[in-house]
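K.L.:
A predicted structure for the sequence below; I have some questions about it.
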Amino acid sequence: MKIISTRRSQVLAGRIAEILQKPLVDVRWTRFPDGEIYLRSGEVSDRMVIVGSLVESDDLIELLLLTDLCSGSEITLVLPYMGYARQDKQFNPGEPLSARIIARTLGSGVSRVITVNLHEKTIIPFFGVPTIDTSLAGEMARDIRELSLISPLILGPDIGASDLARDIATTGGWESDHLHKVRLSGTEVRIEPKEIPVKGRDVVIVDDIISTGGTQATAAAMLLEQGAASICTVCVHGVLATGAYTHLKSAGISQVISSDTIESACSGYSAARTITDALTK
């Protein structure tokens, strides 16, 4: 077995290779004058693990090129973060079912797929091959424990994050709850008032994705008004688009922590151990 990765996920792939004690294939990426992506790699083996998060369109092209490169091998595709997963149904007339076509495309030519905290698990059948969706709840609990908070409250910003909050809290032996969110647009939300015992407590807002940060920032403002001692946010996928980090910090959130499914300065813990556990099953 060898590990190979897109440019997006080099560090995570290296951590996976180190845990598994398997070679990491050297890949050199360039572009043709017309902008097309070109790669050249070292030698592949009969069993390959491709690691690559899909955040932008170029990531998809890189994943497809790596799949073709490894086409003579048994391929496991590791998708730490899968963009387009939110469009899991046609919400309005004239929309594509984006998650379906992306999953079908990525599932073609591979033997199995491993994902991390998919936003919508309903898309799993679209891959067309055996697919495991892993959860980083345990890793998130370990990271929160290292923050040395006193009696933290683990809070999901909406009902969709309540299961994640509960799983983290159960692992850490903490309390959990969730807020009620009403989405006004793609970037605006309203958090409905809810009585939660936050006065004088350290609150950790947890979610699978932080995109624009609007949900967490709105929640933080309400919680600080209710007397929370401090607020930090821990997520799986730190997309952090459109100035999300500064938006969150200016809202009074002390720390913004994400995993390395999308590698950034906020990556405070790793998905590598969870992924390697799935790879060895």
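P.N.:
Cool, got the structure. Numbering: from 1, shown residues only.
K.L.:
which residues does Val198 contact?
P.N.:
153, 223, 226-228 (C-beta atoms under 8 Å, 6 or more residues apart in numbering). Glycine gets a C-beta too; all of them are placed from N, C-alpha and C.
K.L.:
do the same with Ser108
P.N.:
So Ser108 contacts 67, 128 (C-beta under 8 Å, 6+ apart).
K.L.:
same question, Leu223
P.N.:
With C-beta under 8 Å, 6+ apart, Leu223 has these contacts: 155, 196, 198, 203, 231.
K.L.:
can you check Asp58 too?
P.N.:
Counted by C-beta under 8 Å, 6+ apart, Asp58 has contacts Ile37.
K.L.:
Any buried residues in the helix or strand it falls within, and which?
P.N.:
With elements taken from DSSP states H and E, the one containing Asp58 is helix 57-69. Using 16 or more other C-beta atoms under 10 Å as the test for burial, helix 57-69 gives 58-60, 62-63, 65-67, 69.
K.L.:
Can I get that helix in PDB, CA atoms only?
P.N.:
The C-alpha trace of helix 57-69 is given here as PDB (Å, rounded to 0.1, in the frame of the first residue of the first chain):
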ATOM      1  CA  SER A  57     -13.100  22.900  -8.700                       C
ATOM      2  CA  ASP A  58      -9.300  22.300  -9.200                       C
ATOM      3  CA  ASP A  59      -9.500  19.800  -6.300                       C
ATOM      4  CA  LEU A  60     -11.900  17.700  -8.300                       C
ATOM      5  CA  ILE A  61      -9.700  17.700 -11.400                       C
ATOM      6  CA  GLU A  62      -6.700  16.600  -9.200                       C
ATOM      7  CA  LEU A  63      -8.700  13.800  -7.700                       C
ATOM      8  CA  LEU A  64      -9.700  12.600 -11.100                       C
ATOM      9  CA  LEU A  65      -6.200  12.700 -12.500                       C
ATOM     10  CA  LEU A  66      -4.900  10.800  -9.500                       C
ATOM     11  CA  THR A  67      -7.600   8.200 -10.000                       C
ATOM     12  CA  ASP A  68      -6.600   7.700 -13.600                       C
ATOM     13  CA  LEU A  69      -2.900   7.600 -12.600                       C
END
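K.L.:
so how far is that helix from its chain's centroid?
P.N.:
Relative to its chain's centre, helix 57-69 lies at 19 Å (C-alpha atoms, centre = their mean, to the nearest Å).
K.L.:
after it comes which helix or strand?
P.N.:
strand 74-79.
K.L.:
where are the low-confidence patches of the stretch 51-200 of the chain?
P.N.:
Applying pLDDT under 70 to the stretch 51-200 of the chain flags residues 182-195.
K.L.:
How many residues are close by the closest residue to Ser45 other than its chain neighbours?
P.N.:
Closest residue in space to Ser45, ignoring its immediate chain neighbours: Lys2 at 4.5 Å, by C-beta to C-beta, 6 or more residues apart in numbering. Counted with other C-beta atoms under 10 Å, the neighbours of Lys2 add up to 20.
K.L.:
what's Lys2 in contact with, if anything?
P.N.:
22-25, 44-45, 47-49.
K.L.:
Backbone dihedrals for it, please?
P.N.:
When read as degrees, to the nearest 10, the backbone of Lys2 gives phi -130, psi 160.
K.L.:
From Val203, how far off is it?
P.N.:
43 Å (C-beta to C-beta, to the nearest Å).
K.L.:
Same question for Ala272.
P.N.:
In terms of C-beta to C-beta, Ala272 sits 28 Å off from Val203.
K.L.:
Doesn't Gln216 lie inside a strand?
P.N.:
No - going by DSSP: H, G, I helix; E, B strand; the rest coil, the assignment for Gln216 is helix, not a strand.
K.L.:
per-residue pLDDT, it?
P.N.:
You'll see Gln216 listed with a pLDDT of 92.
K.L.:
Now for the residue lying farthest from the centre of the chain: which residues touch it?
P.N.:
Computed with C-alpha atoms, centre = their mean, the residue of the chain farthest from its C-alpha average is Pro33, at 32.8 Å. Contacts for Pro33 (C-beta under 8 Å, 6+ apart) come out as none.
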